[in-house]
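Trainee: Curious how this folds, go ahead:
(one chain, ligands or ions: 1)
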Amino acid sequence: MEIKTVWAVYFSGTGTTEKVATHLARSLAGQLGAQYKSHDYTQPKGRENALQFGPDELVVLGTPVYAGRVPNMMLPFVQNSIHGEGTLAVPVVLYGNRNFDDGLMELKQVMTANGFLPIAGAAIVGEHSFSKILGAGRPDGEDMALVDQLAQQTAEKVKGLAALPAEPVQVEGCDPIRPYYTPRDRNGEPIKDFLKAKPVTDLDKCVRCGLCARLCPMGAIDPNDVSQVVGKCIKCCACVKKCPMGAKYFDHEGYLYHQHELEDLYAARRAESKIFI
Ligand SMILES: Cc1cc2nc3c(=O)[nH]c(=O)nc-3n(C[C@H](O)[C@H](O)[C@H](O)COP(=O)(O)O)c2cc1C
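Mentor: Residues are numbered from 1 along each chain as shown. Sure, this is the predicted structure:
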């Protein structure tokens, strides 16, 4: 099949999804002799208009895994505003060394329902948003080599297609999709007020540059007083990890318990990145 444009379309709070989706799409474009374009829907502005793709385009759609699924606050945009028309696609998820659970399956299902034909997929490990030691430095060289392998195999598959395949690619995950993963306390109870946790600001370090307010995917930080989170925080950690002064952090007890538990359970092991073709 002839593809004219390969797109990287992605949400990425801390940059790991962007790194993988753009690399994969660029590489595919090169191998297919197609042009490369990208659309970043991390910021509210990137979600203002619907996206529609045609039969001579290929879309790499990337999202991080939040609570084992596609981030729930981004799901409406993906479901309602990203459509294909017999468009080949590669759903890609990034996950923080715990598990991608049903994130890739959910993304594949939503895309299939929206007129895409997923022909390959990937679940790649990225440094966990909540931590500097969980999945530290990933995706690394080994992960990116797997992404290169996926690009090569997907390009070969596309070149060999005379028509759209009858079935989408098989990926790991449950169908029907399971409920969101719930952080639990030491008694096995859901952590109280976890969803209400939001970052605080060390005013001795903060230089009021306003970067955090501009970066927040939810537009939740007051640009006139960046210590105030006036909107909904999805805990993507863009403000925490990208603040040049290290002025943002979480002090919420339940959040910190969950972060340390994840680090205790999963930091020592290397979770596998996986490709599906
Ligand atoms: C709210 C939230 C929930 C998360 N849930 C999971 C999870 O269920 N499993 C996992 O392995 N990583 C989880 N992560 C980690 C991210 O999937 C991972 O760090 C990813 O690389 C972040 O992508 P980004 O850099 O594009 O923002 C979660 C991160 C956040 C912010």
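Trainee: which residue does the protein bring closest to the ligand?
Mentor: residue 126 (2.4 Å; CB to the nearest ligand atom). All C-beta spots, glycine's among them, are computed from the backbone N, C-alpha and C.
Trainee: what sits against the nearest residue to residue 174 once chain neighbours are set aside?
Mentor: Leaving aside its chain neighbours, residue 174 sits nearest to residue 102 (5.3 Å; criterion: CB to CB, 6 or more residues apart in numbering). Taking CB atoms under 8 Å, 6 or more residues apart in numbering, we find residue 102 in contact with 68-69, 173-174, 177-178.
Trainee: Find the residue closest to the residue of the chain closest to the ligand in space, skipping its chain neighbours.
Mentor: Here the residue nearest residue 126, using CB to CB, 6+ apart, is residue 16, at 3.0 Å.
Trainee: just the strands in the chain please.
Mentor: Assigned by DSSP state E, the chain shows strands spanning 5-10, 35-40, 51-52, 57-64, 82-83, 87-95, 116-118, 121-125, 200-201, 248-249, 274-276.
Trainee: Could you save those as JSON lines and add columns showing mean pLDDT and mean neighbour count?
Mentor: Shown next, in JSON lines, are those (pLDDT from 0 to 100; neighbours: other CB atoms under 10 Å):
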{"stretch": "strand 5-10", "mean pLDDT": "99", "mean neighbour count": "24"}
{"stretch": "strand 35-40", "mean pLDDT": "98", "mean neighbour count": "15"}
{"stretch": "strand 51-52", "mean pLDDT": "98", "mean neighbour count": "16"}
{"stretch": "strand 57-64", "mean pLDDT": "98", "mean neighbour count": "27"}
{"stretch": "strand 82-83", "mean pLDDT": "98", "mean neighbour count": "20"}
{"stretch": "strand 87-95", "mean pLDDT": "98", "mean neighbour count": "29"}
{"stretch": "strand 116-118", "mean pLDDT": "98", "mean neighbour count": "24"}
{"stretch": "strand 121-125", "mean pLDDT": "99", "mean neighbour count": "27"}
{"stretch": "strand 200-201", "mean pLDDT": "98", "mean neighbour count": "18"}
{"stretch": "strand 248-249", "mean pLDDT": "98", "mean neighbour count": "20"}
{"stretch": "strand 274-276", "mean pLDDT": "98", "mean neighbour count": "19"}
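Trainee: and residue 226, which of these is closest to it?
Mentor: strand 200-201 (6.2 Å; CB to CB).
Trainee: now the closest one, how far from the centre of its chain.
Mentor: 24 Å (CA atoms, centre = their mean, to the nearest Å).
Trainee: What of stretch 61-71?
Mentor: 5 Å.
Trainee: now the end-to-end length of that stretch.
Mentor: 13 Å (CA to CA, to the nearest Å).
Trainee: quick revisit: ok, the residue of the chain closest to the ligand touching residue 98?
Mentor: No. Using CB atoms under 8 Å, residue 126 is not in contact with residue 98, being 11.3 Å away.
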